[in-house]
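Provide a 3D model corresponding to the input given below.
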Amino acid sequence: MIYTVTFNPSLDYIVGVDEFKTGKVNRTAEELILPGGKGINVSIVLQNLGMESIPLGFAGGFTGEEIRRLMKERKIEEQFVRVKKGISRINVKLRSLQVGENGEKTVSEESEINGMGPEISGEELEIFYQQLDALQKGDILVLAGSIPTVLPSTIYRDIMKRLQKREVMIVVDATKNLLVNVLEYHPFLIKPNNYELGEILGVTLSTKEDVILYAKKLQEMGAANVLVSMAGDGAVLVAEDGSTYKSEAPEGKVKNSVGAGDSMVAGFLYGYLKSGIYEDAFYYGVCTGSASAFSENLATREEVDTLLRNIKNRA
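Just a heads-up that it's a prediction; the model follows:
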């Protein structure tokens with residue numbers, strides 16, 4: 001089974017306002033409410049692709065209940081720990097809209113206000129750890145995103161240390177020290193982007209050849225597979241079997257970059273679990289990430305399959 005972790009899930013309230021003006025009353029032209037958080041995004045995309053997963057994490061208050069309802073609506077069986085103090089956060093994404101020459105509305109500017117999230121007690125954290133203790137050999141655990149201030153900053157490392165003898169395949173999508181500090185526990189997959197990879201190693205990376213070279217350094221530090229996204233320039237995979245793969249980005253118009261990286265992780269896992277072949281996993285990851293970027297919502301199976309056909313024809 002695949003388990004995803006979102007420590008600080010959210011309700012994402014996405015609003016579009018015609019030519020937003022500060023200091024004035026503005027009325028929304030578009031509204032959308034979605035469950036948010038990197039691990040949640042991975043679970044939603046996996047579900048869209050036809051693969052089950054169980055989201056773990058913490059949720060509280062009326063917003064936590066709504067997050068659970070939205071997950072149930074998507075036929076995803078979450079196992080969030082119910083927290084008693086505070087509410088799950090609301091993240092507001094405000095888009096200022098303008099009418100283009102073709103008469104279509106486009107986003108001219110986007111601002112975000114992210115909430116704090118609930119407090120998490122030691123007792124509630126222990127319940128979460130007990131959930132992890134039930135994982136078995138062959139299970140996959142996805143650790144994605146930042147750590148809320150109410151939790152230990154070492155929690156990713158603590159989790160991997162706790163599970164190191166269980167032969168759980170762990171995926172880490174995090175930045176800076178949060179990522180570096182887990183490498184000694186040999187994660188199955190890490191997914192930095194090229195800027196994050198360069199930041200970790202103190203270099204600027206602009207070509208795929210450079211990315212491959214420095215991705216191998218993270219392998220030397222302990223990672224099994226290193227999947228590096230490069231936005232419009234495509235992606236690179238350095239696999240544990242010594243193979244490397246490069247791809248240009250699929251062709252399409254970017255509408256929404258939120259969740260593209262999470263979608264890439266979901267696509268990679270889907271492709272790998274279906275075939276056990278890293279090349280398949282890589283292209284599924286690339287196309288699933290792009291399918292989300294080309295859509296207002298997260299990738300669907302049909303969108304991914306279309307991009308897969310196109311990218312294979314180009315190859």
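
residue ranges with poor pLDDT in the chain?
Applying pLDDT under 70 to the chain flags residues 312-315.

In the protein, which residue is most central in space?
Asp262 (2.4 Å; CA atoms, centre = their mean).

how about the strands of the stretch 1-150 of the chain, start to end?
For the stretch 1-150 of the chain, the strands defined by DSSP state E, counting those that start in this stretch occupy 2-6, 10-18, 28-36, 53-60, 81-83, 89-99, 105-113, 140-144.

Columns mean neighbour count and distance to Ala293 on top of those strands, output as TSV?
(Each C-beta comes from the backbone N, C-alpha and C, glycine too.) Shown next, in TSV, are the strands of the stretch 1-150 of the chain (neighbours: other CB atoms under 10 Å; distance: least, CB to CB, whole Å):
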stretch	mean neighbour count	distance to Ala293
strand 2-6	25	20
strand 10-18	19	16
strand 28-36	16	16
strand 53-60	24	21
strand 81-83	20	32
strand 89-99	18	16
strand 105-113	12	14
strand 140-144	25	17
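
if we compare the ones you listed, which one ends up closest to Gly289?
When the strands of the stretch 1-150 of the chain are compared by CB to CB, strand 140-144 sits nearest Gly289, at 13.5 Å.

Could I get the buried residue list for the next helix or strand after that closest one?
As assigned by DSSP states H and E, the chain's next helix or strand after strand 140-144 is helix 155-163. Within helix 155-163, the residues that qualify as buried are 155-157, 159-160, 163, counting by 16 or more other CB atoms under 10 Å.

quick one on the thing from earlier: quick one: the strands of the stretch 1-150 of the chain as a markdown table, columns for distance to Glu167 too.
Formatted as a markdown table, the strands of the stretch 1-150 of the chain follow (distance: least, CB to CB, whole Å):
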| stretch | distance to Glu167 |
| --- | --- |
| strand 2-6 | 14 |
| strand 10-18 | 32 |
| strand 28-36 | 31 |
| strand 53-60 | 18 |
| strand 81-83 | 25 |
| strand 89-99 | 34 |
| strand 105-113 | 39 |
| strand 140-144 | 11 |
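
burial count for Gln219?
Gln219: 17 surrounding residues under other CB atoms under 10 Å.

typo on my end, Leu132
There are 17 residues near Leu132, going by other CB under 10 Å.

swap in Thr306?
Neighbours of Thr306 using other CB under 10 Å come to 16.

which residues touch Gly234?
208, 246-249, 286 (CB atoms under 8 Å, 6 or more residues apart in numbering).

List the contacts of Lys274.
Lys274 is in contact with 280, 284, counting by CB under 8 Å, 6+ apart.

host element of it?
Going by DSSP H and E, Lys274 is in helix 260-275.

Report the distance from that helix to the chain centre.
For helix 260-275, the separation from the chain centroid amounts to 10 Å (computed by CA atoms, centre = their mean, to the nearest Å).

Also stretch 72-89?
On CA atoms, centre = their mean, the centre of stretch 72-89 falls 18 Å from the chain's centre.

Now do the strands in the stretch 151-300 of the chain.
169-173, 189-190, 225-229, 235-238, 244-247.

Which one, of those, ends up nearest to Ile200?
Of all these, strand 189-190 comes closest under CB to CB, at 10.2 Å.

Sheet partners, orientation included, of the closest one?
Its sheet considered, strand 189-190 pairs with strand 169-173 (parallel), strand 225-229 (parallel) by DSSP bridges.

how many degrees apart are the last one and helix 260-275 in direction?
Taking axes from the mean of the first three to the mean of the last three CA atoms, to 10 degrees, one finds strand 225-229 and helix 260-275 inclined to each other by 140 degrees.

what comes into contact with strand 225-229?
For strand 225-229, the external contacting residues (CB under 8 Å, 6+ apart) are 188-194, 197, 211, 215-216, 218-219, 235-240, 260-261, 264-265, 268, 278, 282, 285, 289.

With just CA atoms, put stretch 31-39 into CSV.
Output of stretch 31-39 as CSV, limited to C-alpha atoms (Å, rounded to 0.1, in the frame of the first residue of the first chain):
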residue,chain,number,x,y,z
GLU,A,31,-14.2,30.4,-7.0
LEU,A,32,-12.8,26.9,-6.3
ILE,A,33,-12.3,25.1,-3.0
LEU,A,34,-9.9,22.1,-3.0
PRO,A,35,-8.2,19.9,-0.4
GLY,A,36,-4.5,21.0,-0.3
GLY,A,37,-1.1,19.8,0.7
LYS,A,38,1.7,18.0,-1.2
GLY,A,39,0.9,14.5,0.2
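
Pull the residues that contact it.
Against stretch 31-39 from outside (CB under 8 Å, 6+ apart): 4-6, 8-16, 44, 55-57, 66-67, 70-71, 91, 142-145, 173, 261-262, 296-297.

Kind regards, and thank you for your time.
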